[in-house]
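Visitor: The amino acid sequence is not available; the structure is as follows:
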């Protein structure tokens, strides 16, 4: 997990690449996430020892007694490596089965020293609804492998949030910019041909059928003749595919050739005024100014360009300078936006 520690129960659940978040259905009553945990550490570089241990924070929480999912989001302002990070440990569990339904995503997949780092963990079902303890611990370096209670604390800012998403939330019908069919290369050179008629085959002679599970997030299910079933997530640009099979094995594939485009509605250039305005982008994200000339920026210094995908549904694509791409659906009354990022994270913004 690239330097992040976690409890055994949590480690067993880091199995898929599907990430959930607050789901807001445009034009309907919004179903917001319930924030259960919010921890932050501003760690300074200093020696640590038993009398002055590594900086940490803890918060106990219980899960609402209804169907839903848990989403844990961990961030570092700059990755410094070493022990530390987040953990979830049981305090008082119910008799419910602690299931396998969940996943994890890393941004970037391989952290880079000195650059921002983010981990999003999702538990989809079958988790205990009694008491848990969330812990956030500053990154540090041991004095020696055998001497772990003293050493050097590393300077970084870390945050951890835990949210509960009720299963009653409605998915956003946000379009992908591509579709699944095409030629895909997996590690080792194995090629898979996925056809538009719902079938496919690989270079080893195996055949499969596929179905679309979630158009908003680009999630597909592939049933193979050798008995395995894959759940695969298509990147919004259609060029990469990440999957996990029914045994928990992860794989990534790269498209060979240009992706087949989903034809947007006429008017996919900037210039209309439906999206333009000043928007509250949610906790920690500040205010986003979207201009009618197809550009915009937020109060954190990030800039964006935007295009219209579908005038009838008020659907837009926002490409950010920090690398993320959002699909935004403006509500019919123009006062709110339902947003899906290319990581699958979903949230809402309100017009100021």
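Guide: In hand now; what should we look at? Please read all numbers here as calculations on a predicted model, not as lab measurements. Residues are numbered from 1 along each chain as shown.
Visitor: Check whether residue 242 really touches residue 252, as I assumed.
Guide: Yes: between residue 242 and residue 252 a contact is recorded at 5.2 Å, counting by Cβ atoms under 8 Å. From N, CA and C alone the C-beta is placed, and that goes for glycine too.
Visitor: Between those two, which is the more surrounded one?
Guide: Neighbour tally, residue 242 and residue 252, criterion other Cβ atoms under 10 Å: the higher count belongs to residue 242, 19 against 15.
Visitor: Please, which helix or strand holds the more buried one?
Guide: strand 240-245 (DSSP states H and E).
Visitor: If you count neighbours, what's buried in that strand?
Guide: Neighbour-count burial for strand 240-245 flags 241-245 (criterion: 16 or more other Cβ atoms under 10 Å).
Visitor: First-to-last residue distance for stretch 276-288?
Guide: Taking Cα to Cα, to the nearest Å, stretch 276-288 runs 10 Å from one end to the other.
Visitor: per-residue confidence averaged over that stretch?
Guide: For stretch 276-288, the mean per-residue pLDDT is 78.
Visitor: Could you do stretch 345-352 as well?
Guide: Averaging the model's pLDDT scores along stretch 345-352 yields 83.
Visitor: by contact count, what packs against the strand holding residue 242?
Guide: Under the contact definition 3 or more Cβ pairs under 8 Å, 6 or more residues apart in numbering; DSSP states H and E, strand 240-245 sits against strand 229-234, strand 250-256.
Visitor: a markdown table for the ones you listed, including distance to residue 116 and mean pLDDT?
Guide: Compiled in a markdown table, those are given as follows (distance: least, Cβ to Cβ, whole Å; pLDDT from 0 to 100):
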| stretch | distance to residue 116 | mean pLDDT |
| --- | --- | --- |
| strand 229-234 | 22 | 86 |
| strand 250-256 | 22 | 85 |
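Visitor: With distance to residue 296 added, can I get those in a markdown table?
Guide: Shown next, in a markdown table, are these (distance: least, Cβ to Cβ, whole Å):
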| stretch | distance to residue 296 |
| --- | --- |
| strand 229-234 | 26 |
| strand 250-256 | 29 |
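Visitor: that's a strand at residue 115, yeah?
Guide: No: the secondary structure assignment for residue 115 gives coil rather than a strand, going by DSSP: H, G, I helix; E, B strand; the rest coil.
Visitor: Pull the contacting residues for the residue lying closest to it once chain neighbours are set aside.
Guide: Using Cβ to Cβ, 6 or more residues apart in numbering and skipping residues adjacent in sequence, the residue nearest residue 115 is residue 79, 5.9 Å away. Remark: with contacts taken as Cβ atoms under 8 Å, 6 or more residues apart in numbering, residue 79 is in contact with 111-117, 156.
Visitor: Let's see that with 6 Å instead.
Guide: Residues touching residue 79, when contacts are defined by Cβ atoms under 6 Å, 6 or more residues apart in numbering, comprise 111, 113, 115, 117.
Visitor: got it, and residue 141?
Guide: For residue 141, the residues meeting the contact criterion (Cβ under 6 Å, 6+ apart) are 82, 151-152.
Visitor: so which of those residues comes closest to residue 313?
Guide: residue 82 (47.1 Å; Cβ to Cβ).
Visitor: Against residue 116, how distant is residue 78?
Guide: As for residue 78, its distance to residue 116 is 6 Å (criterion: Cβ to Cβ, to the nearest Å).
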